[in-house]
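A.B. asks: I'd like to go over a predicted model; first the sequence, then the structure.
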Amino acid sequence: DFSAASRSKKPTVLDALSDVAAWTLDETRFFQCQGTKVQLQRGVLRSNCIDCLDRTNVAQFAVGAVALARCVDALGFVRGSSLEPGSRLLLVLMEL
């Protein structure tokens, strides 16, 4: 809920949405297969805002940033479950 995120005590709405995105990815996971280690995806995330495409885009960016961080961590490219704001990977994500 974008309205609830904007009222949270987090420094920015994106920080609050990132927490929601992390929880959602914990619940749905993503498909990963490395050797004998297999993790199955258990769901999908759908978001929309009926009156503002910009809000939908911000929410999708928050989810994409968390998912990207977890994927590159799982692949061993970057360690950690988050990416620094302004990182090249996030800049590329914004350009997609």
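C.D. replies: All right, it came through fine. Bear in mind that the values here come from a model prediction, so they are computed numbers and not experimental data.

A.B. asks: From here on, just use CA atoms for contacts and neighbour counts.
C.D. replies: Will do.

A.B. asks: quick one: contacts for the residue in the chain sticking out farthest from the centre?
C.D. replies: When distances to the mean C-alpha position of the chain are computed (C-alpha atoms, centre = their mean), the maximum falls on residue 36, with 26.0 Å. The contact partners of residue 36, taken as C-alpha atoms under 8 Å, 6 or more residues apart in numbering, number zero.

A.B. asks: From residue 73, how far off is it?
C.D. replies: Going from residue 36 to residue 73 by C-alpha to C-alpha, to the nearest Å gives 18 Å.

A.B. asks: what do you get for residue 66?
C.D. replies: 11 Å.

A.B. asks: What of residue 50?
C.D. replies: Counting by C-alpha to C-alpha - residue 50 and residue 73 are separated by 34 Å.

A.B. asks: out of those two, which sits in the more crowded spot?
C.D. replies: residue 73 (16 against 8; other C-alpha atoms under 10 Å).

A.B. asks: The closest residue in space to the more buried one that isn't next to it in sequence: neighbour count?
C.D. replies: Counting by C-alpha to C-alpha, 6 or more residues apart in numbering, residue 79 is the residue found nearest to residue 73 once chain neighbours are left out, at 5.0 Å. Residue 79 has 13 neighbouring residues, counting by other C-alpha under 10 Å.

A.B. asks: same question, the one 10 residues further on
C.D. replies: Using other C-alpha under 10 Å as the criterion, residue 89 is surrounded by 15 other residues.
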